[in-house]
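Peer 1: Here is my input; please provide its structure:
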Amino acid sequence: MNDSTASLRSRFLLICFFVLISFFLIPTAYMHESTIPFIISLIIIFCFLLMFLRPKRNWKPYQKDIAIIVIGTVSFIKVLYVGEEIGLSLPLVAFIGFHILERRALYYAIFFGTCSFSYMFFYKDYMFEEVIGYVVAYIGWYIGARGLSLQNQAKESSQQHLKQLQKAHVELQEAHSELQEASVNTLRAAVLEERTRIARDVHDALGHSLTSLIVQLNALKYMLQGGPSDAQEVVRDMLTVSKQSLDDIRSSVHTLAADKSSLGITPLRILLSRAQQHTDIKMQLISPNPDIPLSQQMTITLYRILQEAITNSIRHSDATEIFITIEKKQNFVFLSIWDNGNITSHHQIKPGFGLTGIAEQTKQLNGDLSYSIRAPHGFQIDISFPL
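Peer 2: Okay, the predicted model is just below:
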């Protein structure tokens, strides 16, 4: 129930409440009072209605106290001098119990209750049963209003806590996503840096050797001038092949260093290696196809899925081993993650934050997700998606 619906419901109940009061107080006042006291009673009842209908948040503390003192005093003076309708103290004590949460609410209730009781007992010839009935009704109205107020306060507090929890949950999700993104970016930079290092080493080592070979072959070509024609032909062929090899290596090195479109499964291996260093869990990745043509986005998504799966195993399974297989069959990639944790068929799997995150990541791959409990124990996640 949202705030607007709850507010409308409360106002509707208040209107019904005052309709019932009116059916009780107005006929009684009409039968026992003359015209002027009856009109005063109607005005007081109308004031009570306005007081109850005004939202709590619009009341300032001193305003509620002033309203209680003024209306209570006017009602009691009216009873003493111009009328006999003592029942007007009932909505007053209900307002006190509902709107005043501090201890002074009890003091107000006792004061006005004592005044009404003294009037009935000492100034008017009320029967004992009527006095007892009034006292019981007075106490009942106060306790009922007080209980309703505390219930509303508890509901508002629960709603506030729920909003805070929802906000904290959203912030936690955002922080989790940012942490994952930071991990992926760090890993992407590490992979690209490693590629650049390999390309540089190949260029410096093999490129330098081929360059030296070409220089020496050029020198040999000049040394063989005037010699056998067959030897000169062989040297020219070797020189051509060496130059072509040097060009091919330079082209390959440049392509390797500049290629940022594909990361492959290397980041997954790095993730397992890092996770294994910080836990006592043995982790192994098996892939019959080490060169699966994964796009950069696919690799990043698989990285996040594997992060969630490892975290789930550490938190919930108490596993000592985690195994991952990834392979390509036709135009699909199949990823399986399982552990030897303590989850058995007696456990009921309820998707939590981790499995929900894996499902969302799988959806980004346009893939299918399934999970099951292994025999005799352990948990397995299976994912397939098209290339």
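
Peer 1: per-residue pLDDT, the residue lying closest to residue 113 once chain neighbours are set aside?
Peer 2: In space, not counting the residues next to it along the chain, residue 113 is nearest to residue 138; the distance is 5.3 Å by Cβ to Cβ, 6 or more residues apart in numbering. From N, CA and C alone the C-beta is placed, and that goes for glycine too. The confidence metric pLDDT takes the value 82 at residue 138.

Peer 1: So that it lines up with my notes, have the first residue be 296 from now on.
Peer 2: That works, and once the first residue is 296, the last one we named lands at residue 433.

Peer 1: So what's the residue count around residue 433?
Peer 2: 22 (other Cβ atoms under 10 Å).

Peer 1: Same question for the one 5 residues further on.
Peer 2: Residues lying near residue 438 (other Cβ under 10 Å) number 13.

Peer 1: residue ranges of the helices in this protein, please?
Peer 2: If DSSP state H is used as the criterion, the helices of the chain fall at 298-327, 330-348, 356-376, 384-394, 399-413, 423-518, 524-553, 561-573, 591-607, 648-659.

Peer 1: what residue ranges in the protein score low on pLDDT?
Peer 2: Across the chain, the stretches falling below the confidence threshold (pLDDT under 70) are 296-333, 376-382, 418-421, 471-505, 507-509, 511-512, 514-532, 534, 536-558.

Peer 1: related to what we said a few turns ago, I figured the residue nearest to residue 408 hits residue 387, correct?
Peer 2: No. Checked against Cβ atoms under 8 Å, the pair residue 433 and residue 387 is beyond contact range at 9.7 Å.

Peer 1: Who are the contact partners of residue 354?
Peer 2: For residue 354, the contacting residues are residue 394, by Cβ atoms under 8 Å, 6 or more residues apart in numbering.

Peer 1: and it, what are its phi and psi?
Peer 2: Backbone torsions for residue 354, taken as degrees, to the nearest 10, come to phi -90, psi 130.

Peer 1: do the same with residue 672
Peer 2: Here residue 672 shows phi and psi, under degrees, to the nearest 10, equal to phi -160, psi 160.

Peer 1: Pull the number of nearby residues for residue 470.
Peer 2: A count of nearby residues for residue 470, using other Cβ under 10 Å, gives 10.

Peer 1: What distance do you get for it to residue 464?
Peer 2: Between residue 470 and residue 464 the distance, using Cβ to Cβ, to the nearest Å, works out to 11 Å.

Peer 1: Could you do residue 393 as well?
Peer 2: Counting by Cβ to Cβ, the gap between residue 393 and residue 464 amounts to 34 Å.

Peer 1: Between these two, which is the more surrounded one?
Peer 2: Counted by other Cβ under 10 Å, residue 393 and residue 464 do not tie: residue 393 has more neighbours, with 23 against 11.

Peer 1: Check the gap between the more buried one and residue 399 for me.
Peer 2: Distance from residue 393 to residue 399, counting by Cβ to Cβ: 14 Å.

Peer 1: now swap in residue 584 and tell me
Peer 2: To residue 399, residue 584 is 78 Å away according to Cβ to Cβ.

Peer 1: now do residue 632
Peer 2: When Cβ to Cβ is the yardstick, residue 632 and residue 399 sit 64 Å from each other.

Peer 1: and what of residue 364?
Peer 2: In this structure, residue 364 and residue 399 are 11 Å apart, going by Cβ to Cβ.

Peer 1: ditto for residue 569
Peer 2: Noted for residue 569: a distance of 63 Å to residue 399, by Cβ to Cβ.

Peer 1: do the same with residue 651
Peer 2: 50 Å.

Peer 1: between residue 632 and residue 399, which one's more packed in?
Peer 2: Taking residue 632 and residue 399 together and counting by other Cβ under 10 Å, residue 632 has the greater number of neighbours (24 against 13).

Peer 1: isn't that one right next to residue 617, touching?
Peer 2: Yes. Contact status for residue 632 versus residue 617: in contact at 7.0 Å, counting by Cβ under 8 Å.

Peer 1: Give me the common contacts of these two.
Peer 2: With contacts defined as Cβ under 8 Å, 6+ apart, the residues adjacent to both residue 632 and residue 617 are residue 604.

Peer 1: about what we covered before: which residues touch the residue nearest to residue 408?
Peer 2: 384, 385, 388, 408, 411.

Peer 1: For the third one, grab the count of nearby residues.
Peer 2: Meaning residue 388. Taking other Cβ under 10 Å as the neighbour definition, residue 388 ends up with a count of 28.

Peer 1: Repeat that for the fourth one.
Peer 2: Number of residues near residue 408 (other Cβ under 10 Å) recorded here: 19.

Peer 1: With the first one instead?
Peer 2: Using other Cβ under 10 Å, the number of residues around residue 384 comes to 24.

Peer 1: Skipping its backbone neighbours, what lies nearest it in space?
Peer 2: Using Cβ to Cβ, 6+ apart and skipping the chain neighbours, the partner closest in space to residue 384 is residue 411 (4.7 Å).

Peer 1: Equivalent analysis for the third one, please.
Peer 2: If you skip the residues right next to it in sequence, residue 388 has residue 437 as its closest partner in space, 4.7 Å away by Cβ to Cβ, 6+ apart.

Peer 1: these two touch, right, the one you found and residue 390?
Peer 2: No. With contacts counted by Cβ under 8 Å, residue 437 stays clear of residue 390, the gap being 10.1 Å.
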